[in-house]
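In: Just a sequence and a predicted model for now, questions to come.
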Amino acid sequence: MRSLRGAVLTSHEWRAAGFNVAMDGSRKDAATLLSHPHTALDDVEAAAAALGRLEAPVEAIAREQVEIDCSYAKYLEQQEKDIAKWRSSVDLALPADIDYAALPSLRREEVEKLERQQPKTLSAASKIEGVTPTALMALFAVAKKTSSAKPPSTI
């Protein structure tokens with residue numbers, strides 16, 4: 001994988017080698033190019049090697065896993081960002097007057113449990129058995145909207 005990260009070409013060079021990339025003048029490494037649909041490791045390695053930018057080809061035993069890792073890399077990066085955002089928001093306060101039944105993505109069972117327990121924060125809501133990640137994301141949206149609508153406090 002390291003050799004793919006080190007094989008950096010301009011968008012013009014990738015396009016000249018037959019790859020469908022945006023001609024934006026950016027530089028992309030071979031691993032990033034593999035995240036594009038219908039892009040094969042053999043083709044990417046051949047193009048980078050032809051320009052003298054490939055240290056060594058990916059070992060045969062790792063080829064399939066490298067293709068999979070590169071294909072899903074941008075999705076995994078986005079998921080990591082989402083997780084980080086969630087972790088930084090677990091102490092976000094839920095509005096005291098939240099109408100759980102008005103949230104269309106909450107199931108009736110979730111509405112009942114949330115109304116009964118009245119969690120004060122997202123963290124507290126996440127600990128209620130039966131409250132799904134989908135419900136938590138709906139609560140997160142309400143909490144963010146409410147917290148951003150409040151004027152800053154004055155001293």
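Out: Cool, got the structure.
In: what packs against the lengthiest helix in the chain?
Out: Counting by DSSP state H, the longest helix found in the chain is helix 63-89. For helix 63-89, the packing partners by 3 or more Cβ pairs under 8 Å, 6 or more residues apart in numbering; DSSP states H and E come out as helix 30-33, helix 41-50, helix 133-149. No exception for glycine: its C-beta is placed from N, CA and C like everyone else's.
In: try 7 Å
Out: helix 41-50 (3 or more Cβ pairs under 7 Å, 6 or more residues apart in numbering; DSSP states H and E).
In: what's next to the helix it packs on, contact-wise?
Out: For helix 41-50, the external contacting residues (Cβ atoms under 7 Å, 6 or more residues apart in numbering) are Ala7, Leu9, Ala17, Ala30, Leu33, Leu34, Leu54, Pro57, Val58, Arg63, Val66, Glu67.
In: what's the angle between it and helix 63-89?
Out: Relative orientation of helix 41-50 and helix 63-89, computed by axes from the mean of the first three to the mean of the last three Cα atoms, to 10 degrees: 100 degrees.
In: That's all I had, so thanks and see you.
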